[in-house]
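Chemist: I'll drop the sequence and a predicted model, then ask my questions.
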Amino acid sequence: MGLLRFSYGTMSSGKSTLALQIHHNLAKQSRHGLLLSLFDREGARVSSRLGVSATAVEVTPELDLCAVAAQEVALNGRLDYLVCDEVQFYAVDQVDQLALVADELGADVYAFGLLTDFRGVLFEGTKRMFEIADERVELHVEARCWCGARATNNARLVNGELVRHGETIVVGDTVAADDTPLFGDVVTYELLCRRHFRAGALGPPDG
């Protein structure tokens, strides 16, 4: 039976960097596996803010991860591991499929994701991972709020204003866009501590 490990943190806590490192290390040991992701900033890849990236299987809503794993075994005779980034966005059924891959095919599954959404509520994929993972590992690259305290929340900003309502999944980044688009809204995310997330404070008061 394989291991199902879930590593989690806020944005900028090094999730994608660690996912890429694990994939690289295992491949270098001649182990055979796949890299998977969803809603990465570069499309069908896993990319790190440090500038490294690798091609990945895109986890579309209809994708059966058990079938993907079984096909890999049929083509290559083995599947040693899966490295899965952005697991918070996976459907609950897909998270359960990752557990089946570990249990039935014996592949180790290294899953990475955010803990909570812009409202401070667990993502469905994250919640299911907490329920079924063999190991739950909090990442210790601590992102910081503007005040210097540990950041625990990914606040969503639309045109520079913090919002608490809207679609759960809206792709953005912690880096502001260089240019304001002519049409549409600018969506970014600000890392805040619990106190300033609750207060909606994006910086020190003027004056």
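Modeler: All right, it came through fine. Residues are numbered from 1 along each chain as shown.

Chemist: Run through this protein and note the low-pLDDT ranges.
Modeler: Scanning the chain with the threshold set as pLDDT under 70 gives 39-45, 47-51, 171-183, 207.

Chemist: Nearest residue to the middle of it?
Modeler: Centrality entry for the chain: nearest residue to the mean C-alpha point is residue 86, 2.6 Å, by CA atoms, centre = their mean.

Chemist: Does that residue touch residue 38 like I think?
Modeler: Yes - the criterion here is CB atoms under 8 Å, and residue 86 meets it with residue 38 at 4.7 Å. Every C-beta, even on glycine, is put in place using the N, C-alpha and C of the backbone.

Chemist: Next, show the common contact partners of those two.
Modeler: Counting by CB atoms under 8 Å, 6 or more residues apart in numbering, the shared contacts of residue 86 and residue 38 are residue 59.

Chemist: show me where this structure has strands.
Modeler: 4-9, 33-37, 45-47, 53-55, 57-58, 81-84, 108-114, 135-138, 153-158, 161-163, 187-192 (DSSP state E).

Chemist: Any chance of the ones you listed in JSON lines with mean neighbour count as columns?
Modeler: Formatted as JSON lines, those follow (neighbours: other CB atoms under 10 Å):
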{"stretch": "strand 4-9", "mean neighbour count": "22"}
{"stretch": "strand 33-37", "mean neighbour count": "23"}
{"stretch": "strand 45-47", "mean neighbour count": "21"}
{"stretch": "strand 53-55", "mean neighbour count": "16"}
{"stretch": "strand 57-58", "mean neighbour count": "16"}
{"stretch": "strand 81-84", "mean neighbour count": "26"}
{"stretch": "strand 108-114", "mean neighbour count": "25"}
{"stretch": "strand 135-138", "mean neighbour count": "12"}
{"stretch": "strand 153-158", "mean neighbour count": "21"}
{"stretch": "strand 161-163", "mean neighbour count": "14"}
{"stretch": "strand 187-192", "mean neighbour count": "21"}
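
Chemist: now these in TSV, with distance to residue 74?
Modeler: Putting the strands of the chain into TSV (distance: least, CB to CB, whole Å) gives the following:
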stretch	distance to residue 74
strand 4-9	22
strand 33-37	13
strand 45-47	24
strand 53-55	21
strand 57-58	16
strand 81-84	16
strand 108-114	19
strand 135-138	29
strand 153-158	39
strand 161-163	46
strand 187-192	40
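
Chemist: Which residues lie in contact with residue 78 in this structure?
Modeler: residue 32.

Chemist: Okay, and the beta partners of the residue nearest to residue 137 when sequence neighbours are not counted?
Modeler: Leaving aside its chain neighbours, residue 137 sits nearest to residue 7 (4.5 Å; criterion: CB to CB, 6 or more residues apart in numbering). Assessed by DSSP bridges, residue 7 has beta-bridge partners residue 112, residue 137.

Chemist: burial of the residue nearest to residue 168 when sequence neighbours are not counted, as a residue count?
Modeler: Ranked by CB to CB, 6+ apart and with sequence neighbours excluded, the top spatial neighbour of residue 168 is residue 117, at 5.4 Å. Residue 117 has 19 neighbouring residues, counting by other CB atoms under 10 Å.

Chemist: likewise residue 25?
Modeler: 10.

Chemist: No further questions, thank you.
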